[in-house]
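Engineer: need a 3D model of the sequence below.
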Amino acid sequence: MSNKQDTYDYLLKHGIKPSIQRLAVMGYLLEHRTHPAVDEIYNALKAEVPTLSKTTVYNTLRLLVDNGAAMMLHIDETKSYFDSNMEPHAHFYCTQCGRIYDIPATTRRMRNSADLPQGFSVAETELTFRGVCPHCEETKA
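Structural biologist: Sure, this is the predicted structure:
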């Protein structure tokens, strides 16, 4: 989903009124599945959208998260990363290069909370594996 009409429709589907800034931020998330942080998004879009500020990027991302159009990842304590893939999945964080990979939810346990004791209600789940990615392993050898 990379064209502007699809991005526009995606925002409307999530109850978000499209604006130039919101379309740019959501479009970036949908096109770049790299789990970007605020600075990366801002630096990539500031030439294209001169009215964009870091505060606008952050506020737009919060709006997207609050409306279920994106998720915020807490991989480390220094910054938050954002993901537009809303399907159940885990993440792998490479401690060497800092890249974040999507890991498909292959087991039923990862896909739902059916195994929780009665009375528990899950609002959000975040599973992150940490280690070294294949590219960095290959570089070490």
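Engineer: domain boundaries for this structure, per the record?
Structural biologist: 4-81, 87-140 (automatic domain parsing).
Engineer: now do the shortest one: distance from first to last residue.
Structural biologist: Across domain 87-140, the straight-line distance between its terminal residues is 33 Å, by Cα to Cα, to the nearest Å.
Engineer: could I get the average pLDDT for it?
Structural biologist: For domain 87-140, the mean per-residue pLDDT is 83.
Engineer: hmm, back to that, of the domains of the chain, flag the one that's most buried.
Structural biologist: domain 4-81 (a mean of 16; mean count of other Cβ atoms under 10 Å). Just so you know, the C-beta spots here come from the backbone N, C-alpha and C atoms, and that holds for glycine as well.
Engineer: quick check: end-to-end length of it?
Structural biologist: Per Cα to Cα, the first residue of domain 4-81 is 23 Å away from its last.
Engineer: just the strands in this protein please.
Structural biologist: Along the chain, the stretches classed as strands by DSSP state E are 71-73, 81-83, 89-94, 100-104, 128-131.
Engineer: can you redo the ones you listed as a markdown table with distance to residue 23?
Structural biologist: Listed next are these as a markdown table, based on distance: least, Cβ to Cβ, whole Å:
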| stretch | distance to residue 23 |
| --- | --- |
| strand 71-73 | 19 |
| strand 81-83 | 16 |
| strand 89-94 | 25 |
| strand 100-104 | 24 |
| strand 128-131 | 29 |
